[in-house]
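*Asks:* Just to be clear, the model below is a prediction. Sequence and coordinates:
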Amino acid sequence: MKAIRKSLQGVAVVIASIFAAATVFAIPVNAAEPSTYIQSGTIWSESAGEYQVLDDAGELWGFTAGVYDYVVGQYVEMTMSDAGTPDNIYDDTLIAVSSVWRDYESDIVGPFGYYVVDGWIATDNTSCLSCWVRDSYGSLWFWNAYCPKQKGEHVVLIMNSNGTPDQFSDDSIEDILWSEDEVD
C-alpha cells in the first residue's frame, strides 16, 4: 500500500510540474511593436525592375519598381521597419523607397537636355576605372568610366535630364570635365 501511495505521489508531482511548465509558457509576453525609420542609400544596381540599394552603413537592400523609376547612382531614402527588434537589422524590411529631391530647379537645362553641376570625387580612387561623385546638392552619382581624380577633388558634371527637365529621378551623368588647375 505504501508503494502505491508513493507511486501516486510521484505521478502527482510529475503532473503538477507539467501544469506549472505549461502555465509559464502560456503567459503572453508583449512583443516589441515594430517601428519605422528612414535610411539613406544609393541605387547600386537594377535588372528588370529589381533594384538594390547600398545604404550609408554598407548594407544592400532589395526592392521592385518600374524599370525607369530610378537610375543606378541615384540617392534615395528608404522607409524601413525594424520588425520590433531595433538592435537587429537583419530582420528589417524595406517598406518604401523615395527619391531624394534636391534643389535642381535652379539649374538651367539647355536645349539638348543637359545641365552643369559642380561635383567632388566621393570615394578613394585607386583603379581609375570608376568612381562615386557627390554633386553640389549632396546627391551621390556613379561614374563607370575613366576617373583620374582622387577623393575630394573638384570636377564638373555634365548631367543629362533624359528628356524630363522637371524630374530628377531619371537624370544621369553624361560626362565629367576634369581640370588639372583649380580656378576660384
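*Replies:* That came through, no problem. Residues are numbered from 1 along each chain as shown.
*Asks:* Where does the prediction get shaky in this protein?
*Replies:* Along the chain, the parts satisfying pLDDT under 70 run over 1-8, 10-13, 16, 19-31, 101-106, 126, 180-184.
*Asks:* Show me where it has its helices.
*Replies:* For the chain, the helices defined by DSSP state H cover 2-26.
*Asks:* Go through this protein and flag its longest strand.
*Replies:* For the chain, the longest strand by residue count, based on DSSP state E, is strand 36-47.
*Asks:* which helices and strands does it pack with?
*Replies:* strand 50-55, strand 60-64, strand 75-81 (3 or more Cβ pairs under 8 Å, 6 or more residues apart in numbering; DSSP states H and E). (Glycine included, C-beta is placed from N, CA and C.)
*Asks:* That one pairs with which strands, parallel or anti?
*Replies:* On the basis of DSSP bridges, the sheet neighbours of strand 36-47 come out as strand 50-55 (antiparallel), strand 75-81 (antiparallel).
*Asks:* Contacts for the last one next, please.
*Replies:* In other words, strand 75-81. Strand 75-81 is contacted by residues 34-43, 53, 55, 61, 63, 70, 92-100, 138-140 when judged by Cβ atoms under 8 Å, 6 or more residues apart in numbering.
*Asks:* re the thing from before, I'd like the helices and strands packed on strand 36-47 laid out as JSON lines, including mean neighbour count and distance to residue 18.
*Replies:* Formatted as JSON lines, the helices and strands packed on strand 36-47 follow (neighbours: other Cβ atoms under 10 Å; distance: least, Cβ to Cβ, whole Å):
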{"stretch": "strand 50-55", "mean neighbour count": "18", "distance to residue 18": "48"}
{"stretch": "strand 60-64", "mean neighbour count": "14", "distance to residue 18": "45"}
{"stretch": "strand 75-81", "mean neighbour count": "18", "distance to residue 18": "38"}
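*Asks:* is it possible to export the ones you listed to a markdown table including distance to residue 147?
*Replies:* Output for the helices and strands packed on strand 36-47, formatted as a markdown table (distance: least, Cβ to Cβ, whole Å):
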| stretch | distance to residue 147 |
| --- | --- |
| strand 50-55 | 18 |
| strand 60-64 | 23 |
| strand 75-81 | 19 |
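*Asks:* Looking at the strands paired with strand 36-47, which is nearest to residue 171?
*Replies:* The minimum distance between residue 171 and the strands paired with strand 36-47 falls on strand 75-81, with 11.3 Å, by Cβ to Cβ.
*Asks:* Just want the angle from the closest one to strand 60-64.
*Replies:* Interaxial angle of strand 75-81 relative to strand 60-64 (axes from the mean of the first three to the mean of the last three Cα atoms, to 10 degrees): 90 degrees.
*Asks:* what's the offset of strand 75-81 from the middle of its chain?
*Replies:* Computed by Cα atoms, centre = their mean, to the nearest Å, the chain-centroid distance of strand 75-81 equals 6 Å.
*Asks:* Touching, residue 178 and residue 154? I think so.
*Replies:* No - contact criterion Cβ atoms under 8 Å: residue 178 and residue 154 do not qualify, at 9.6 Å.
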